[in-house]
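Asks: sharing a model that was predicted from the sequence below.
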Amino acid sequence: MDVITLLLTYFIGINLAGLFFMGLDKYRARKNLWRIPESTLFIVAIIGGSIGSIIGMHLFRHKTRHWYFLYGLPAILALQIALFFAIMHSPIQIQIM
């Protein structure tokens, strides 16, 4: 498996996880069950699942009244995009076998 396939698989998987966790937490909130901690939702977004988390937040109408989710998740996504472009345009060349 090459690096691009591995990264793409990770990216898709972690974003699906972010989407799933938002939906699951909304379901559990409606049923008054044990909830997923907000820190876990943010960690999933930080490690690459910000797009899935944002989509899940709006799709399930979950955490949209919390300013730290409403502004925090897009801020995480903006930082991830900036980091991606900084790495892509870096003058340092990385040789992978």
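Replies: Everything's here; your move. Residues are numbered from 1 along each chain as shown.
Asks: buried ones in the helix ranked longest in the chain, by neighbour count?
Replies: The residue-count maximum for a helix in the chain (DSSP state H) belongs to helix 3-30. For helix 3-30, the neighbour count (16 or more other CB atoms under 10 Å) marks I14, N15, A17, G18, L19, F21, M22, L24, D25, K26 as buried. C-beta here means a position set from N, CA and C on the backbone, and glycine is covered the same way.
Asks: what's the closest of those residues to V3?
Replies: The shortest approach to V3 among the buried residues of helix 3-30 belongs to I14, at 16.3 Å (CB to CB).
Asks: for the closest one, give me its contacts.
Replies: Contacts for I14 (CB atoms under 8 Å, 6 or more residues apart in numbering) come out as V44, I47, G48, G49, G52.
Asks: per-residue pLDDT of I94, please?
Replies: On the pLDDT scale, I94 is placed at 66.
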